[in-house]
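In: Structure for the following, please:
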Amino acid sequence: MTSPISRRIAAISASPTMAITARAAALRAAGRPVIGFAAGEPDFPTPPHIVEAARAAAGDPRLHHYTPAAGLPELREAVAAKTRRDSGIEIDAGEVAITVGAKGAVHAACAALLDPGDEVLLPSPYWVSYPEIIGLAGGVTRLVPSSIEEGFKVSVDALEAARTPNTRMLIFVSPGNPTGAVYSPEQVAEIGRWAARHGIWVLTDEIYEHFVYGDARFASLPAAAPEAASRCVVINSVAKTYAMTGWRVGWLVAPAEVTSAVIRFQSHTLSHPSNIAQAAALAAVEGSMEPVASMRSAFDRRRIAMHGALAAIPGVQVLEPEGAFYCFPSVRGMLGRELGGVRPESSAELAVALLEQAEIAVVPGEAFGAPGYLRLSFALADDDLEEGMGRWRSLVG
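Out: Numbering: from 1, shown residues only. Next up, the predicted model:
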């Protein structure tokens, strides 16, 4: 029998990170003490002043009705001011579109800029949804691999080797998910200048901009390479910075022609994010950064603890992450070895073994185009982190 599902949608795979999180939740519901290293979200509650803004907004009749597809005007203004402050990019509110999460911004940008057959350079390891979103827009993903030995960063030489006459866009992420890699300002500028030289659009994902540690420094690509700004789309959201993953408010900053196209696209798809969530986002971007600093301090402590624990496990090779809240260790040295009565031959099989036997949930590298690796989030309680790492170490023996 012929499937009723379109080929376009049938080609989409389910999000592996959400699948692992759901499996871990099911085991917990069955009474298993599973510790989750899989979810890519802060373990902190949304700051109280943001929640209070949402409560107040729910009682405002103005927000009970449709509002502009571009987003609330006051939020667009606030995002423009926040972008000027944090990224050093001179923009105005007309270059901002508020979207349903950062994922909505990526989808709208790809829909606005890609025609069928356009190629997108995607450094790997990559965030799980990028290839699927590119494909939905009719684009073709061309991977530019990196490895732990390269610090999970791609060079201009590697990008140039992957470029073809059909290259339309580069997706650039720093700090990176799943790797925690942070490109130096000089590296960001070099990549931006390369893209500008070849007339390539850059979609730069900056949602982890405030989670950078040690000597690493965040640099926004259009600020580091002003010559690339006219062909650059900046993606951001309140999700990670303010512990608001469930509120689903993101945005993009782009040249006015692109922003206008995104608004037209959004007007016929999702209209606009919830007005209540937008009011909360306004309180977030205009409010104190003290809660963000507290989260960053906790994540910094945990990343050092996790890095040390992983480095002590036989067969694991791990870099100390410079940003975001993930470690991305190579586990190739563990594959093919007996582990609690099983012999995992892939990182996907190892992830299953760790879940079933050590009761810890991790995401296999296959989800990010990097077999032989695992992603672990250190956005969880210190005691849980210590206990989970201890379970893995005990399983190895």
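
In: The spatially most central residue of the chain: what's it in contact with?
Out: The residue at the geometric middle of the chain, judged as the C-alpha nearest the mean C-alpha position with Cα atoms, centre = their mean, is N177 (5.1 Å). The neighbours of N177, taking Cβ atoms under 8 Å, 6 or more residues apart in numbering as the test, are 40, 127, 208, 324, 326. Bear in mind the C-beta positions are built from the backbone N, C-alpha and C, glycine included.

In: which of those residues count as buried?
Out: Among the contacts of N177, those scoring as buried are 40, 127, 208, 324, 326 (criterion: 16 or more other Cβ atoms under 10 Å).

In: Quick one: the residues you listed as CSV, columns for secondary structure and pLDDT too.
Out: As requested, the buried ones among the contacts of N177 are arranged in CSV below (DSSP: H, G, I helix; E, B strand; the rest coil; pLDDT from 0 to 100):
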residue, secondary structure, pLDDT
G40, coil, 86
W127, coil, 95
Y208, coil, 98
A324, coil, 98
Y326, strand, 98
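
In: List just the nearest of those to L354.
Out: Minimum separation from L354 among the buried ones among the contacts of N177 (Cβ to Cβ) is found for Y326, which lies at 16.0 Å.

In: Could you measure from the closest one over to M306?
Out: As defined by Cβ to Cβ, to the nearest Å, Y326 lies at a distance of 9 Å from M306.

In: again, but for A358
Out: With distances taken as Cβ to Cβ, A358 is found 15 Å from M306.

In: And I148, by the same measure?
Out: Applying Cβ to Cβ, the value for I148 to M306 is 16 Å.

In: Overlap in contacts, Y326 and M306.
Out: With contacts taken as Cβ under 8 Å, 6+ apart, the residues that reach both Y326 and M306 are 376, 378.

In: Tell me where the stretch 51-200 of the chain has strands.
Out: In the stretch 51-200 of the chain, strands defined by DSSP state E, counting those that start in this stretch lie at 96-99, 119-124, 140-145, 167-173, listed in chain order.

In: deepest of those, which one?
Out: Neighbour counts (mean count of other Cβ atoms under 10 Å) averaged over each of the strands of the stretch 51-200 of the chain peak at strand 96-99, with a mean of 29.

In: Can you list the strands that that strand pairs with?
Out: Here strand 96-99 has these sheet partners by DSSP bridges: strand 250-253 (antiparallel).

In: which residues sit against the strand it pairs with?
Out: Counting contacts by Cβ under 8 Å, 6+ apart, the residues outside strand 250-253 that touch it are 71, 76, 79-80, 83, 89, 91, 95-105, 108-109, 207, 233-239, 259, 262.

In: List only buried entries from these.
Out: The neighbour-count criterion (16+ other Cβ under 10 Å) marks 71, 76, 79-80, 83, 89, 91, 95-105, 108-109, 207, 233-239, 259, 262 among the contacts of strand 250-253 as buried.
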